[in-house]
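okay, here's the prediction I keep looking at, along with the sequence it came from:
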Amino acid sequence: MAASEVTAATEARDQASTEGSSIAATVVVCLGPAYQDATPERLEPLLAVLRDAGADAGLTGMLIGYPVAHGDVPATTAGSFTLLPFTQSVSAHTLSVQPAASWLSAFELMRAHNSACCLLLGAEAHTLDPAAIRLMLDAVWNGSIDLALPKYALQPNQGLLNVAMISPLSAAVYGVDVAFPLALDYALSLRMAERMAGAAQRFTTAAQGDALLWPAGEAAVAGYNVAEIAMGHRELPQPQEDLSTILNLVCGSMFSDVEAKASFWQRIRPATEIARAGNADFTKAATEPPTQSEIDELIQSFRIGYSNLHEIWSLVLPPNTLLGLKRLSQMPANGFTMPDSLWVRIVYDFVLAHRLRTISRGHLLGSLTPLYLAWVASHIVANGEASARPGALVRAFEADKPYLVSRWRWPDRFNP
């Protein structure tokens, strides 16, 4: 997209704001694959939330784009909303995060309708707080923000992969310290949408429209402004894939993105300044804690992995880490503790092995599962809930980043 088109859309936004016009003229909502072939009746719960979100600002006239498998579906209206179908078929996996095809569709909708602000929503978006949606839009519309990321309030022991790896690795490598670098919902400016579309097109042209993208990293590399919005509680759809498949998809994608952005994160740079907004209630609802038998099962899965995968791990992990895993395999269940420093080294060495193809990437990521289960067991034993120690783990990842940089530049310094 030409720079003049971006400028025109921005000027349209500014004119609308100056004249007191409705935001509806320049805001589009792009729905993810979970809403494929949606009917107005199916969308009504979400439309009701959007009406509440913009009742005091004319947002009820927004254009709602949703994916359809075939391109012969006409546009319709639902009250003051315009429902605009766009052709998209993504069915390789059922993870609820936005795939590459959704980012490309969001940009195409914005460009076609001269939009300066887009809301990209994932499955179960009708459970979002309308006030939080309004904050997401305000951040981009009025706050000169390019990417607004959500901060969801999770139940205990939800989102542990995010706590264990995605969030702290994103903070350490990209310099973007947010709770959910990979989320279901986003608000984005036109230039952010254009950058994400460029990243997405590399996958969609190769028939990989289901590939995952990393918007926090893209924003950091581009020097764009980022905000984090407290969203409160939200329903998070449960993925149908097993844990090993999820780790392969998510970690493989993130490790590849880290490799692609190596020239950025190896240099010393200031962290991205995050604008934060919202005061949503983050009180956790009472839930049953994991039973001792469930914790024992996690630990036993790790011990079996230690017995069966030790030879593979010895190709990836240095001797000190292997010694730490040996000690961990011998710990009793009631004192089972994986130090943060051990987990950080494991993740960094897997990132490096993924880049070097020390072993096949499929086998590499498959061997990560019991190590992750060991971290989960340790986390539950120590804390009992998902958000108890995220700050400490982020600091551990950041403190050990020189190890990643050094081994990235001189991988032969360690040759198992």
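All right, it came through fine. Numbers count the residues shown, from 1 in each chain.

what does stretch 311-322 contact?
310, 325, 342, 345-346, 349-350, 353, 358-359, 363-364, 367, 371, 414, 416 (Cβ atoms under 8 Å, 6 or more residues apart in numbering). The way it works is simple: take the backbone N, C-alpha and C, and place the C-beta from them, glycine included.

could you redo the last one with a cut-off of 7 Å?
Stretch 311-322 is contacted by residues 342, 345-346, 349-350, 353, 358-359, 363-364, 367, 414, 416 when judged by Cβ atoms under 7 Å, 6 or more residues apart in numbering.

return the set of buried residues in it.
Neighbour counts over stretch 311-322 (16 or more other Cβ atoms under 10 Å) mark 312-313, 316-318, 321-322 as buried.

which one of those is nearest to Ala193?
Among these, Val316 lies closest to Ala193 (Cβ to Cβ), at 37.6 Å.

give the PyMOL command for selecting the buried subset of the contacts of stretch 311-322.
Typed into PyMOL, the line below selects the buried ones among these, using 16+ other Cβ under 10 Å:
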select buried, resi 342+345+346+349+350+353+358+364+367
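
quick one: low-confidence ranges for the stretch 201-350 of the chain?
Residues of the stretch 201-350 of the chain meeting the criterion pLDDT under 70: 280-287.

would you map the helices across it?
Along the stretch 201-350 of the chain, counting by DSSP state H, counting those that start in this stretch, helices occupy 215-222, 243-260, 262-265, 292-316, 319-329, 340-356.

can you check the stretch 1-150 of the chain too?
3-19, 40-53, 100-112, 130-141.

comparing those by mean pLDDT, which bottoms out?
Among the helices of the stretch 1-150 of the chain, helix 3-19 carries the lowest mean pLDDT, a mean of 42.

now for the contacts of stretch 311-322: which two are most distant?
Leu342 and His363 (21.7 Å).

dihedrals phi and psi, the spatially most central residue of the chain?
By Cα atoms, centre = their mean, the chain has its centre lying nearest to Leu182, at 0.4 Å. Backbone torsions for Leu182, taken as degrees, to the nearest 10, come to phi -120, psi 110.

equivalent analysis for the one 5 residues further on, please.
For Ala187, the backbone dihedrals (degrees, to the nearest 10) come out as phi -120, psi 140.

so it sits against Leu119, correct?
Yes - applying Cβ atoms under 7 Å, one finds Ala187 in contact with Leu119, separated by 5.3 Å.

tell me which of those two has more neighbours.
Counted by other Cβ atoms under 10 Å, Ala187 and Leu119 do not tie: Ala187 has more neighbours, with 28 against 25.

contacting residues around that one?
Contacts of Ala187 (Cβ under 7 Å, 6+ apart): 117, 119, 136-137, 139-140, 148.

could you do Arg276 as well?
With Cβ under 7 Å, 6+ apart, Arg276 has these contacts: 227-228.

just list whatever residues bridge to it.
For Arg276, the beta-bridge partners under DSSP bridges are Glu228.

re the thing from before, could you dump the buried residues of stretch 311-322 into a markdown table and include distance to Arg234?
Output for the buried residues of stretch 311-322, formatted as a markdown table (distance: Cβ to Cβ, whole Å):
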| residue | distance to Arg234 |
| --- | --- |
| Ile312 | 38 |
| Trp313 | 37 |
| Val316 | 36 |
| Leu317 | 37 |
| Pro318 | 40 |
| Thr321 | 36 |
| Leu322 | 40 |
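
hmm, which two among those are most spread apart?
Ile312 and Pro318 (14.2 Å).

so how far is stretch 368-388 from its chain's centroid?
20 Å (Cα atoms, centre = their mean, to the nearest Å).

same check on stretch 77-93?
The answer for stretch 77-93 is 22 Å, by Cα atoms, centre = their mean.

sorry, back to before: among the helices of the stretch 201-350 of the chain, which is the most enclosed?
helix 215-222 (a mean of 22; mean count of other Cβ atoms under 10 Å).

other SSEs contacting that helix?
Counting contacts by 3 or more Cβ pairs under 7 Å, 6 or more residues apart in numbering; DSSP states H and E, helix 215-222 packs against strand 147-153, helix 167-174, helix 190-204.

was I right to think Pro150 contacts Met231?
Yes - proximity of Pro150 to Met231 meets the contact threshold set by Cβ under 7 Å, at 4.3 Å.

distance to Trp265 for the contacts of Ala187 - can I get that in TSV?
Output for these, formatted as TSV (distance: Cβ to Cβ, whole Å):
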residue	distance to Trp265
Cys117	29
Leu119	29
Met136	27
Leu137	30
Ala139	25
Val140	25
Ala148	23
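
picking that back up, from the buried residues of stretch 311-322, pick the one nearest Gln201.
Val316 (32.9 Å).

the residue lying closest to that closest one once chain neighbours are set aside and Ser253, how far apart?
Spatial nearest neighbour of Val316, chain neighbours left out: Ala353 (4.4 Å); criterion: Cβ to Cβ, 6 or more residues apart in numbering. The gap separating Ala353 from Ser253 is 16 Å, by Cβ to Cβ, to the nearest Å.

ok so, going back, any shared contact partners between Ala187 and Leu119?
With Cβ under 7 Å, 6+ apart, Ala187 and Leu119 have common neighbours 136-137.

one step back: I'd say the residue nearest to the centre of the chain and Leu169 touch.
No - using Cβ under 7 Å, Leu182 makes no contact with Leu169, being 10.7 Å away.

is it true that Pro237 touches Glu124?
Yes - between Pro237 and Glu124 there is a contact under Cβ under 7 Å: 5.6 Å.

now do the same contact list for the closest residue to Ala75 other than its chain neighbours.
Distances taken as Cβ to Cβ, 6+ apart put Leu84 closest to Ala75, at 4.9 Å, once the chain neighbours are dropped. Residues in contact with Leu84 (Cβ under 7 Å, 6+ apart) are 63-65, 75.

got it, and Arg134?
Counting by Cβ under 7 Å, 6+ apart, Arg134 has contacts 53-54.

gap between the residue lying closest to Pro45 once chain neighbours are set aside and Arg51?
In this structure, Pro45 finds its nearest non-sequential neighbour in His126, 3.9 Å apart by Cβ to Cβ, 6+ apart. According to Cβ to Cβ, His126 stands 11 Å off from Arg51.

okay, now the domains of the protein?
3-277, 292-413 (automatic domain parsing).

now the longest one, how far from the chain's geometric center?
With Cα atoms, centre = their mean as the basis, the distance from the averaged C-alpha position of domain 3-277 to the chain average is 10 Å.

equivalent analysis for the shortest one, please.
Counting by Cα atoms, centre = their mean, domain 292-413 is centred 21 Å from the centre of its parent chain.
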